[in-house]
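1. Okay, predicted coordinates and the sequence, questions at the end:
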Amino acid sequence: MSEQSLPEDTREGYADELPEYAERVLEVAERIPPGRVMTYGDVAEWLEEGGPRQVGRVMSLYGGAVPWWRVVRADGVLLPGHELSALDHYRAEGTPLKEASRAAEGHRPRLDMRRARWDGGADAGAHT
């Protein structure tokens, strides 16, 4: 992904400080309750800015300080390279999972998106 595809405020001061858009994405990630998830697209829709790729980029660059495992792919596949760590978090939080079939690569479960997805409802607080 090029810097050009990021929202305007993300390009300014890119390496020096946390961009305003990134702060907003991370704030949404922090609001997601334990045991629930939002997709990259859900976060972008919540913010009414950017898209799934921009949110993914923010999470890859700055997401380590927030519950990154709660911002996920829409298909429920665990984040490549972080599957075991994420799975530990999901199990500790009681996040709904679908057990993997024998044919599934690595036999790792997926998130049960129908049950785990959070829409930012009643316990969301103020909308940013």
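-> Nice, thanks for sending it over.
2. Outside of stretch 22-39 itself, list whatever touches it.
-> Residues from elsewhere that reach stretch 22-39 (Cβ atoms under 8 Å, 6 or more residues apart in numbering): 10, 18, 43, 46-47, 49-50, 52, 55, 58-59, 61-63, 65-74, 93-96, 111, 113, 116-118, 120, 123-125, 128. All C-beta atoms are positioned from the backbone trio N, CA, C, and that covers glycine.
3. May I see the ChimeraX selection of the buried members of the residues you listed?
-> To isolate the buried ones among the contacts of stretch 22-39 in ChimeraX, judged by 16 or more other Cβ atoms under 10 Å, type:
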select :10,43,46,47,49,50,52,55,58,59,62,63,66,67,68,69,70,71,72,73,93,95,96,111,113,116,117,118,120
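4. just checking, which of the contacts of stretch 22-39 belong to helices?
-> Using DSSP state H, 10, 43, 46-47, 52, 55, 58-59, 61-62, 93, 113, 116 are the members of the contacts of stretch 22-39 that sit in helices.
5. who are the neighbours in contact with residue 40?
-> Contacts for residue 40 (Cβ under 8 Å, 6+ apart) come out as 51-53, 55-56, 59, 71-74.
6. Check the spacing between it and residue 19 real quick.
-> 17 Å (Cβ to Cβ, to the nearest Å).
7. Adding pLDDT and distance to residue 28, write the contacts of residue 40 out as JSON lines.
-> Output for these, formatted as JSON lines (pLDDT from 0 to 100; distance: Cβ to Cβ, whole Å):
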{"residue": "51", "pLDDT": "97", "distance to residue 28": "14"}
{"residue": "52", "pLDDT": "97", "distance to residue 28": "13"}
{"residue": "53", "pLDDT": "97", "distance to residue 28": "16"}
{"residue": "55", "pLDDT": "98", "distance to residue 28": "9"}
{"residue": "56", "pLDDT": "97", "distance to residue 28": "13"}
{"residue": "59", "pLDDT": "97", "distance to residue 28": "10"}
{"residue": "71", "pLDDT": "98", "distance to residue 28": "8"}
{"residue": "72", "pLDDT": "97", "distance to residue 28": "13"}
{"residue": "73", "pLDDT": "96", "distance to residue 28": "16"}
{"residue": "74", "pLDDT": "96", "distance to residue 28": "16"}
